[in-house]
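K.L.:
need a structure here:
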Amino acid sequence: MNRKNIIVMIVLAVIAASIIYSLQGSGDAGYEQKILKQREEKDRYMRTASDSPFAGKTELYTGLNYFEPDPKYRVKAKLIPIENKQVVILPTSDQKTKRYLEYAWAEFTIDGQSCRLLILEIIDMGPYKGTLFLAFGDETSARETYGAGRYLDVKKPKGQNSILLDFNEAYNPYCAYNDTFSCPLPPPDNLLKVGIRAGEKNYH
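P.N.:
Okay, here's the model as predicted:
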C-alpha cells in the first residue's frame, strides 16, 4: 500500500470516528432533554393537578429536587421469572399493609456491584390491577433521597428475558410530601448496597 492510500485511509478513519462521536453525543443530549422535559411536566402537575399531594396548598410548593440525568443509571436488567409465585405483603407508611404478587427478579450491575430487585404485580382490585410495582431503597436513602425508598415505573415485557430500568425516572411516593397518603415500603430484598444517585432527591 502506497503512502497516498495510507493517508486517505487515516483521513477516512478520523471522519468516521468524528461522526460516531457526534451521534453518540447528540444521543446523550436528546436523552437528557427527554428526562428534563418529563421533570418539567411533573412539576406542572404538582402545581396544578387536583389530585396532587400539594392540592390546596400549592403556595407552599417549592419544586422537586433531582440528580442530574446520567445515562449510566439507565440499565438493561436480566429478567428472571418466578415460577411458584407467592403473595408478598408490604407494610405502608401509615402502618397498614398492601398485597402484591411476585412477578420476576431483575438482575443488573452498577458501579461493579451486582444488584437484584424484586418486581411485584398489583393484585388488589382497581385501575392498577395487573400492573407492575417496583419500590427500592439504596445507599442514598435517608441521606440524599427519601428515607422510605423510591419507586420506579416498569412495564410488563412481552416475551423478553430483559427489562429496562431507568433510575433517572425514579421518584418519591406521595407520602414524601404529604403524610395523609399511604405508601408501600420497599421489600427487604430491594434494599440495595449501592448508591443510586439518579432520579428524585429529598423534597426538602
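
K.L.:
do you know how far residue 96 is from residue 187?
P.N.:
16 Å (C-beta to C-beta, to the nearest Å). C-beta: built from backbone N, CA, C; applies to glycine.

K.L.:
let me redo that: residue 66
P.N.:
To residue 187, residue 66 is 25 Å away according to C-beta to C-beta.

K.L.:
Which one's more surrounded, these two?
P.N.:
Between residue 66 and residue 187, counting by other C-beta atoms under 10 Å, residue 187 is the more crowded of the two (20 against 17).

K.L.:
Surely the more buried one and residue 137 touch.
P.N.:
No - assessed by C-beta atoms under 8 Å, residue 187 is found out of contact with residue 137, at 9.7 Å.

K.L.:
what does the longest strand belonging to the chain contact?
P.N.:
Secondary structure of the chain per DSSP state E: the longest strand is strand 97-110. Residues from elsewhere that reach strand 97-110 (C-beta atoms under 8 Å, 6 or more residues apart in numbering): 72-73, 75-82, 85-92, 114-124, 132-134, 156, 163, 165, 182, 184, 194, 196.

K.L.:
are any of these buried, and which?
P.N.:
The neighbour count (16 or more other C-beta atoms under 10 Å) marks 73, 75, 77, 79, 88, 90, 92, 115, 117-122, 132-134, 163, 165, 184, 196 as buried among the contacts of strand 97-110.

K.L.:
so what's the residue nearest the centre of the chain up against?
P.N.:
Nearest to the centroid of the C-alpha atoms of the chain, with distances taken as C-alpha atoms, centre = their mean, sits residue 167, at 2.9 Å. Contacts for residue 167 were tallied using C-beta under 8 Å, 6+ apart; they are 73, 74, 75, 152, 196, 198, 199.

K.L.:
give the contact list for residue 38.
P.N.:
Shown in contact with residue 38 (C-beta under 8 Å, 6+ apart): residue 169.
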